[in-house]
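Visitor: okay, here's the prediction I keep looking at, along with the sequence it came from:
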Amino acid sequence: MANQTDYNKFFQGLYNVSGFDGSIESDFLKLGQVPDDRKSNLIDYNLKGFDDYRVALQNYLKAVYPLDYNNFASSDLGQMLVEMFAYMASVVTLRADMTANEMYIDTVKDENNLKRLLQLIGVSMKGPTASRASASLTIPANVTLGGDDIIISEAQRRINITNQRSGTPLTYTICQQKANGTLDLFTQDLSVTNADFTNNVNTSLLLLEGALQSQSGKFNTADIRQTITITEGPIIEGSIGVSSTENDGTEYNEISNLFVASGGGQPVFQKQYIDGFGAVLEFGDGVRGRLPTPGATYIVTYRQGGGVNGDIVRGNVNQNIAVRVGTQSVQGVLTNITKGTGGHAAETVEHAKRYAPYFFRTQYRAVTGEDYNALANSFVGNTGVTAKAMASLRKNGAAANTIDLFILAKASNNQLERASIAFKKEMLDYFKSYKMLTDEIVISDGVVRTLDIVATLFIDKSQRAFSDNIKAKAANRLVEYFNIDNVAFGQKISIADITNFMLEVPEIRFFNVDNLPADVFLNFNEIAQINNFEFTIEFV
């Protein structure tokens, strides 16, 4: 056999052939590590929530530390730390977002924060309003009224009853209108003239929900700017009157802002609600509003209460009260001859966010139609709150400076009612501080068009067992569509809009209005209100 050449001797010293195990080690991954000056490029600033932060942190570890950390099992200690950081980041960023949102009127959600924002632009949120009802007072037939007034003491003016609807305790206060149509907010003992009685019966009294309260004191001798703090709430909107001993009796009335005071001698004050709907009353400085005389004695009268609990049925109040006729004390019978309506809780965040910017744009002056609309829709009186208001300018010669205000009062969130004479008088007085001198305002009642709806709900056969629940959801949805805040004067009733609105209930496959063949068009001073509705269910 030919000699075989041993080639191994030529490769000795180059590599150890016998030591090669078939594997190759490489530091290639080290070449892919991210330099320190490039790590910031991997940060994603658009993350939202815990899951996004966890995934972003994991991706960062994979990119920056590919050799140092590669165990992404949920049980690993490193993953626990990642999730802890994700947890902390999600909480901190949520709080940051909430803080940012609470700084703007459009996005604020907390009521107290909204109040502070509105204070910066001179706008205050409205407090609770009271229900009202007409009442009759009957004096026994054997009592001769003669020429004496009938006196109802402060204590007897408070009528404590139980709401027949809710079974909850309730307090009403007997009030009366003055000859000029306004309410007497200053007297504690009520004096009713005998001329208001016919056959010993007076039907011109008002019952306003809320307990009559009073607070007395003296104006501070040290402070230039006088204030009075009422800590006990909730104080009903428009119920505060302040009378003092200055000039043999001075009555201070509430205005929305001292900025609109007509001069340095006008006896007015502005109110700022505090926690629990107590209030701080701030008086003028002698330039904008009268400066109260230091040391003068004052009496603040107001009512506590408000809200929907004051809505009572007719005849809910029927009880004896002690009245004084001359020097004689007799038992009269007080009865509410109309139902109590118009009670509402304090202004909601949604309502304030909607109307406050418009109110601010008026700059406390009514010049344009939008100004009148904003001021009227933001008005809350002592005998009710505006549900809807619309200003219309006459365009016929000499009447071109006459503004017609069509208004409806709020009976509930879904019911409108005609505004009372006292409410209209309050609104006219309210606009005296805002309107142009040459403008004349005529307040008219808006027209409510009630509407009945018969409709068919189409739902899946698989939802048959839940049909009653779906029908209830549909009913709530339809009522929401006709919510006072969602309708306007002259707004047509669109079948397509109602259908699309109802289809947002996920269980409803289709919605069909059966009794309205076409859209319903309204006049400019008319507004629609749901009356009755009936649903039929079909399974598909």
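Guide: Received it, and whenever you're ready, just let me know what you need.

Visitor: rest of the way, CA atoms for contacts and neighbours
Guide: Noted.

Visitor: can you pull the contacts of residue 175?
Guide: Residue 175 makes contact with 157, 183-184, 190, 205-208 under the criterion Cα atoms under 8 Å, 6 or more residues apart in numbering.

Visitor: swap that for residue 204, please
Guide: Residues near residue 204 by Cα under 8 Å, 6+ apart: 134-136, 176, 196.

Visitor: give me the nearest residue to residue 117, chain neighbours excluded.
Guide: Distances taken as Cα to Cα, 6 or more residues apart in numbering put residue 105 closest to residue 117, at 7.0 Å, once the chain neighbours are dropped.

Visitor: try residue 452
Guide: Take residue 452 and drop its neighbours on the chain: the residue closest to it by Cα to Cα, 6+ apart is residue 532, 4.8 Å away.

Visitor: and that neighbour, what element?
Guide: strand 526-539 (DSSP states H and E).

Visitor: which outside residues touch that strand?
Guide: 414-416, 446-461, 464, 467, 471, 479, 482, 487-491, 493, 522.

Visitor: where does the chain have its least confident helix or strand?
Guide: Every helix and strand of the chain was ranked by mean pLDDT, DSSP states H and E. The lowest is helix 28-31, at a mean of 52.

Visitor: what's the next secondary structure element after it?
Guide: Counting by DSSP H and E, what follows helix 28-31 is helix 49-64.

Visitor: now that following helix: average pLDDT?
Guide: Confidence for helix 49-64, expressed as mean pLDDT, is 87.

Visitor: any weak-confidence spans in this structure?
Guide: Applying pLDDT under 70 to the chain flags residues 1-33, 223, 397-399.

Visitor: show me where it has its helices.
Guide: Assigned by DSSP state H, the helices in the chain fall at 8-11, 28-31, 49-64, 77-101, 111-120, 154-157, 349-361, 369-377, 421-432, 467-481, 495-502.

Visitor: residue 401 is nearest to which of these?
Guide: helix 369-377 (11.8 Å; Cα to Cα).

Visitor: measure stretch 211-225 end to end?
Guide: From its first residue to its last, stretch 211-225 covers 29 Å (Cα to Cα, to the nearest Å).

Visitor: can you pull the buried residues of stretch 247-263?
Guide: Using 16 or more other Cα atoms under 10 Å as the test for burial, stretch 247-263 gives 251-259, 261-262.

Visitor: stretch 207-215 now?
Guide: Buried residues in stretch 207-215, counting neighbours by 16+ other Cα under 10 Å, are found at 207-214.

Visitor: end to end on that stretch, go ahead and measure it.
Guide: Counting by Cα to Cα, you get 22 Å between the two ends of stretch 207-215.

Visitor: quick test: name the residue nearest the centre of this structure.
Guide: residue 348 (1.5 Å; Cα atoms, centre = their mean).

Visitor: residue 82 and residue 60, how far apart?
Guide: Residue 82 is 11 Å from residue 60, where distance means Cα to Cα.

Visitor: domain-wise, how is the chain divided?
Guide: 32-101, 132-210+308-336, 213-304, 362-445, 448-539 (automatic domain parsing).

Visitor: ok, residue 233 touching residue 278?
Guide: Yes. In terms of Cα atoms under 8 Å, residue 233 counts as a neighbour of residue 278; the distance is 4.4 Å.

Visitor: state the pair within the buried residues of stretch 247-263 that is farthest apart.
Guide: 251 and 259 (19.0 Å).

Visitor: can you show me the strands along the stretch 151-300 of the chain?
Guide: 158-162, 169-175, 190-192, 201-209, 211-218, 227-230, 241-244, 250-254, 268-273, 279-283, 297-304 (DSSP state E, counting those that start in this stretch).

Visitor: looking at those strands, which is closest to residue 150?
Guide: Nearest of these (Cα to Cα): strand 190-192, 5.1 Å.

Visitor: just checking: what are the partner strands of that closest one?
Guide: Sheet pairing here is set by DSSP bridges, and for strand 190-192 it gives strand 150-152 (antiparallel).

Visitor: give me the contacts around the strand it pairs with.
Guide: In this structure, residues lying in contact with strand 150-152 by Cα under 8 Å, 6+ apart are 189-194, 322-326.

Visitor: now the buried members of the contacts of residue 175.
Guide: Restricting the contacts of residue 175 to buried positions leaves 157, 183, 190, 205-208, with burial counted as 16+ other Cα under 10 Å.

Visitor: okay, residue 233 and residue 278: which has more neighbours?
Guide: Neighbour tally, residue 233 and residue 278, criterion other Cα atoms under 10 Å: the higher count belongs to residue 278, 20 against 17.

Visitor: next, find the distance separating the more buried one from residue 236.
Guide: Note on residue 278: its distance to residue 236, by Cα to Cα, is 10 Å.

Visitor: and residue 76, by the same measure?
Guide: Distance of residue 76 to residue 236, computed by Cα to Cα: 61 Å.
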